[in-house]
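S.K.: attaching a predicted model along with its sequence, questions to come.
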Amino acid sequence: MSAAVRYLSTRGGAPAAGLSQAIAAGLAPDGGLYVPEQLPQHDPAAFAPAGSLADTAATLLAPFFAGDPLAAELPAICAEALDFPVPLRPLTRPDAQVLELFHGPTAAFKDVGARFLAACMRRLPRADGRPLTILVATSGDTGAAVGAAFHHQPGVEVVILYPDGRVSPRQAHQLGSFGDNVQALAVAGRFDDCQRMVKAALNDAALQAGRPLSSANSISLGRLLPQMSYYAHAALGWWREHGTPLDFIVPTGNLGNALAAVWVRAMGLPVGRVMLACNANATLPEFFAGQDYAPREALATIANAMDVGAPSNFERLRWTYPDATELRRVLSARSVDDATIRATVLRHAADEGELFCPHTATALHLLDQLPPRTDGGAWAVVATAHPAKFETVLEPLLGRPVPVPPSLAAMLARPARAAPLAAEDEALRTWLRAPAERLSLSA
Ligand SMILES: *Cc1c(COP(=O)(O)O)cnc(C)c1O
């Protein structure tokens, strides 16, 4: 067994942590993101050829868990969290595949990270017997995935904050459909307000003394690590069959999904090129085109889950490739505007009879711009959400309904309710202090 990996902050100002500690904390105490001291190296031949996604994940993640109290539980965590299909299937173009990440309970790839984080947190020892409240600010998909992952879990309450009127109607319905230990708050503000309110509550020691709080934000290692599994699984399967690496085009916002692909490649597995497909939020495309890194406020687009102007995981990318020239050599990024997203959705519907969500369409547009390959290799477009989640974008465009998958239909059939909340830090604090109000809400 390899030595235990220690986790450091990207900002270098926090003590090294073990994996359990890093997962429980989410953010490092100096405000940085946890990274392993170094990335482990893997031999592709060490992975079981007939293994499931969960088997690949258990082998891939074993060195990250070595020496941690959760190590013995890793195979069970993987089996519990990664129990839905993640198919790689051909597109019409002979040199292209699509990797579908949306077959989990809430129909977006966020299910992978949320379910794995929940499976880890269920097994972490709790210092006191009091229930833990998990706060999550969401621009749409994360909140539902976290709500579903912790729904009915004893000892855990989930409070989801979303910007009222700024998520799709189906996303809003999903967020409010859980009940029991999962509550939704419709905040009269933007996603940034929700995030700020969550941070203020987490940093409030007096509030925490009355009610222990944690978060399930996208920078948690417990969400990032499992996202590497599907890249490793798809690339190893491709490599065994074709003898070449698989190249990926990844719809990108906060950079968590694409970073997972980059790390799998850095660990010695057969991932080839990685291209980032962004919407009109061009912070990353501008950096990769040679400009200085300039984070900014996000613009609203029809690929709303990628509306990020200051991608958090950029810190982890810089840790992986400290030299900017090297970083620009190993990755590229392109920006795709809303009109092009719409045209891409329409073209693929008309030519191939296939529907893709607006996020996936950014990656498809990059594929459409690429010449046919003659090197025997292939591109895998990463499909991050089911198109039915974005019916308000797609249905007016196509002029017909988008079929809804069964798990999403079941969620939409349940009643939904959310409590309205002012976009003020104090409003969330007051809400968290008032259990009576919460009980009447869920009645
Ligand atoms: C979250 C999300 C993205 C962006 O993923 P990042 O890890 O933030 O880059 C893309 N598409 C969909 C559907 C999402 O929910």
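M.R.: Good, I have the coordinates.
S.K.: leaving out sequence neighbours, find the closest residue to the residue in the stretch 1-150 of the chain positioned nearest to the ligand.
M.R.: Nearest residue of the stretch 1-150 of the chain to the ligand, counting by C-beta to the nearest ligand atom: residue 141, 3.4 Å away. Yep, even glycine has a C-beta here, placed from its N, CA and C like the rest. The shortest distance from residue 141 to any non-neighbouring residue, by C-beta to C-beta, 6 or more residues apart in numbering, is to residue 108 (4.0 Å).
S.K.: check residue 306 too.
M.R.: Spatial nearest neighbour of residue 306, excluding adjacent residues (C-beta to C-beta, 6+ apart): residue 253 at 3.5 Å.
S.K.: what is the burial count for that neighbour?
M.R.: For residue 253, the number of neighbouring residues by other C-beta atoms under 10 Å comes to 28.
S.K.: quick one: pLDDT of the residue of the stretch 1-150 of the chain closest to the ligand?
M.R.: pLDDT for residue 141: 87.
S.K.: does the residue nearest to residue 141 touch residue 145 like I think?
M.R.: Yes: with contact defined as C-beta atoms under 8 Å, residue 108 counts as touching residue 145 (6.5 Å).
S.K.: could you pull out the strands for this structure?
M.R.: Listed in chain order, the strands found in the chain under DSSP state E are 7-9, 34-36, 88-90, 96-100, 132-137, 156-163, 182-188, 213-215, 246-251, 271-278, 332-335, 378-383, 419-422.
S.K.: returning to what we had before: run a quick neighbour tally on the residue of the stretch 1-150 of the chain closest to the ligand.
M.R.: As a burial measure, residue 141 scores 29 neighbours (other C-beta under 10 Å).
S.K.: need the contact list for it.
M.R.: Going by C-beta atoms under 8 Å, 6 or more residues apart in numbering, residue 141 touches 106, 108-110, 171, 305, 385, 389.
S.K.: still on that earlier bit, single out the most deeply packed of the strands of the chain.
M.R.: Most buried of these by mean neighbour count (mean count of other C-beta atoms under 10 Å) is strand 246-251; its value is a mean of 27.
S.K.: is the ligand within reach of it?
M.R.: Yes: with C-beta under 6 Å from any ligand atom as the threshold, strand 246-251 lies in contact with the ligand, specifically through residue 251.
S.K.: quick one: contacts for the nearest residue to residue 273 once chain neighbours are set aside?
M.R.: Closest residue to residue 273 apart from its sequence neighbours, by C-beta to C-beta, 6+ apart: residue 247 at 4.1 Å. By C-beta under 8 Å, 6+ apart, residue 247 lies in contact with 271-275, 377-380.
S.K.: against residue 109, how distant is the closest residue to residue 62 other than its chain neighbours?
M.R.: Among residues not flanking residue 62 along the chain, residue 74 sits closest, at 6.4 Å (C-beta to C-beta, 6+ apart). Going from residue 74 to residue 109 by C-beta to C-beta, to the nearest Å gives 21 Å.
S.K.: who has more neighbours out of the two?
M.R.: Here residue 74 and residue 109 are compared on neighbour count by other C-beta under 10 Å; more neighbours surround residue 109, at 29 against 20.
S.K.: residues contacting the more buried one?
M.R.: Contacts here follow C-beta under 8 Å, 6+ apart; on that basis residue 109 touches 101-102, 141, 227, 257, 382, 384-385.
S.K.: switch to 7 Å and redo it
M.R.: 101-102, 257, 384 (C-beta atoms under 7 Å, 6 or more residues apart in numbering).
S.K.: interface residues of this structure facing the ligand?
M.R.: When proximity is defined by C-beta under 6 Å from any ligand atom, the chain lies next to the ligand at 108, 110, 141, 251-258, 305-306, 359, 384-385.
S.K.: nearest to residue 134, of those?
M.R.: When the residues of the chain next to the ligand are compared for distance to residue 134 (C-beta to C-beta), residue 110 wins out at 14.4 Å.
S.K.: if I read this right, the closest one contacts residue 148, doesn't it?
M.R.: No: counting by C-beta atoms under 7 Å, residue 110 sits too far from residue 148 to count as a contact (9.5 Å).
S.K.: one step back: need the contacts of residue 141 in a markdown table (columns: distance to residue 194 and pLDDT).
M.R.: Below are those laid out as a markdown table (distance: C-beta to C-beta, whole Å; pLDDT from 0 to 100):
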| residue | distance to residue 194 | pLDDT |
| --- | --- | --- |
| 106 | 18 | 92 |
| 108 | 18 | 95 |
| 109 | 21 | 97 |
| 110 | 16 | 96 |
| 171 | 14 | 90 |
| 305 | 14 | 90 |
| 385 | 20 | 96 |
| 389 | 19 | 91 |
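S.K.: lowest mean pLDDT across the strands of the chain, which one is that?
M.R.: Among these, strand 213-215 carries the lowest mean pLDDT, at a mean of 87.
S.K.: wait, the residue nearest to residue 62 touches residue 61, no?
M.R.: Yes: using C-beta under 7 Å, residue 74 and residue 61 qualify as a contacting pair, with a distance of 6.2 Å.
S.K.: need the contact list for the residue nearest to residue 62.
M.R.: If a contact means C-beta under 7 Å, 6+ apart, then residue 74 has 58, 61-62, 65 as its contacts.
S.K.: please redo it, this time with the cut-off set to 10 Å
M.R.: For residue 74, the contacting residues are 57-59, 61-62, 64-66, 68, 119-120, taking C-beta atoms under 10 Å, 6 or more residues apart in numbering as the criterion.
S.K.: now, among the residues you listed, which is nearest to residue 95?
M.R.: Using C-beta to C-beta, the contacts of residue 74 come closest to residue 95 at residue 57, 27.6 Å.
S.K.: isn't the closest one right up against residue 226?
M.R.: Yes: at 6.3 Å, residue 57 counts as touching residue 226 under the criterion of C-beta atoms under 10 Å.
S.K.: find residues that contact each of these two.
M.R.: Counting by C-beta under 10 Å, 6+ apart, the common neighbours of residue 57 and residue 226 are 77-78, 81-82, 112, 116.
S.K.: helices along the stretch 301-443 of the chain, start to end?
M.R.: Remark: helices assigned in the stretch 301-443 of the chain by DSSP state H, counting those that start in this stretch are 314-320, 324-330, 338-352, 358-369, 391-398, 406-413, 425-433, 435-442.
S.K.: averaged pLDDT, the last one. What do you get?
M.R.: The average pLDDT within helix 435-442 is 48.
S.K.: and the lengthiest helix in the chain, how far out from the chain middle?
M.R.: Taking residue count as the measure and DSSP state H as the definition, the longest helix of the chain comes out as helix 221-242. Between the centre of helix 221-242 and the centre of its chain there are 15 Å (C-alpha atoms, centre = their mean, to the nearest Å).
S.K.: just the angle between it and strand 271-278, please?
M.R.: With axes from the mean of the first three to the mean of the last three C-alpha atoms, to 10 degrees as the criterion, the two stretches helix 221-242 and strand 271-278 enclose an angle of 130 degrees.
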